[in-house]
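S.K.: below: sequence and its predicted model.
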Amino acid sequence: MANTGLTSLEQMSTFSPGLRITGESMREYLPGEPQALPQCPEIKDIVIQLCTHRSVIEPILVPAVVEPLVVLVLAGAARVEERVLGGEWEAAEVSAGDFFLTSSDEPYEMRWQTHGGDTFEVMHLYLGLPLIEQASRELLGEHAGPVRLRDVSGARDGRVASVMEQLRTELVVERSPSSLFVRSLAQALAVHLVRSYLADIQPGRRVNALQAYKLRKVTDAMSEHLGAEFSLARLARLAELSEYHFSRMFKRATGLSPSQYFIRLRIVRARQLLLETRRSVIDVGLEVGYSSPSHFSQVFRREVGVTPSKFRGA
């Protein structure tokens, strides 16, 4: 990964609010020495990077990514500190076998100090949203909305470490790595993460949050009418609330406004159609409610990080 040389404040000036990037782009923001993966096959919905890190004293700003990020420490040890922008530093002592899980929608700051040597080695795995969504549908039901994984720093999980090590072995040691085997391992990891690391609803969010049966009623209606124009009034009527109270209670229950949630559902469906069908980008956009191709491309790129055409061709 290339070191940008930017300070945290300089990096902040380059971000727009809500910016999220793809896993492939992360190497442009983090310092470190990337390790080449020999004969690495191209695998949809999976980005794997091996990297050697030296101590980073000055904080770096890490942009939020579209995909959940799993980082496994392969060798060495370090003290890693993280904080939300403007928050207090939280430290974790990590060594080989420890992992991080990041699913934040906001950029954050990091710095680290290696122990007992100059470097430590890590493996980054970005799991594409289709893998998470497939695991969610199997475990939580076909009508499960977008799930959110909680952030984990410097934890131990034997299954995470085992699957990540198998992935590394397949890509680095095997003479002819199998993309099918790699994708199967990544899907197995996605199932484990959804089972074990779903984000808890914050205690304060339970107060005055939309009741579960009403939430399901509303999200089902959203899913069934992705091609229709978003109507806050219609959804509020389904929940038997005023538009104002419905919006507040929906956000407390999901962390997103009704319109944001609806857009996420549209994009999830668009991704599925782009990957699993040969329908044109224009047809896919129409299916999920965007009559203007340019508007569809703009929204898709904002949510996913690339245009629909580039996403399909990746």
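M.R.: Looks like it arrived, so ask away.
S.K.: just confirm Arg234 is within a strand.
M.R.: No: assessed with DSSP: H, G, I helix; E, B strand; the rest coil, Arg234 is helix; it does not lie in a strand.
S.K.: for it, which non-adjacent residue is spatially closest?
M.R.: With sequence-adjacent residues excluded and distances taken as C-beta to C-beta, 6 or more residues apart in numbering, Arg234 is closest to Ala221, at 7.7 Å. For every residue, glycine as well, the C-beta is placed using N, CA and C.
S.K.: what count of nearby residues applies to that neighbour?
M.R.: 16 (other C-beta atoms under 10 Å).
S.K.: next one: Ser176
M.R.: 7.
S.K.: which residues are in contact with stretch 91-100?
M.R.: Stretch 91-100 is contacted by residues 69-82, 152-157, 160-161, 164 when judged by C-beta atoms under 8 Å, 6 or more residues apart in numbering.
S.K.: mind pulling up the pLDDT for the residue nearest to Arg234?
M.R.: On pLDDT, Ala221 comes in at 92.
S.K.: hmm, Leu235 and it touching each other?
M.R.: Yes: counting by C-beta atoms under 8 Å, Leu235 is a contact partner of Ala221 at 6.7 Å.
S.K.: and the gap between the residue nearest to Arg234 and Ser291?
M.R.: From Ala221 over to Ser291 the distance is 21 Å, taken as C-beta to C-beta, to the nearest Å.
S.K.: check contacts around Tyr290.
M.R.: Residues near Tyr290 by C-beta under 8 Å, 6+ apart: 266, 296, 299.
S.K.: spatially nearest residue to Glu243 (excluding sequence neighbours)?
M.R.: Using C-beta to C-beta, 6+ apart, the closest residue to Glu243 is Ala236 (4.5 Å).
S.K.: okay, now the one you found: neighbour count?
M.R.: Close neighbours of Ala236, defined as other C-beta under 10 Å, add up to 20.
S.K.: next: Val288.
M.R.: Using other C-beta under 10 Å, Val288 is surrounded by 21 other residues.
S.K.: quickly find the element holding the closest residue to it other than its chain neighbours.
M.R.: Nearest residue to Val288, sequence neighbours excluded (C-beta to C-beta, 6+ apart): Arg266, at 4.2 Å. In the assignment (DSSP states H and E), Arg266 maps to helix 258-276.
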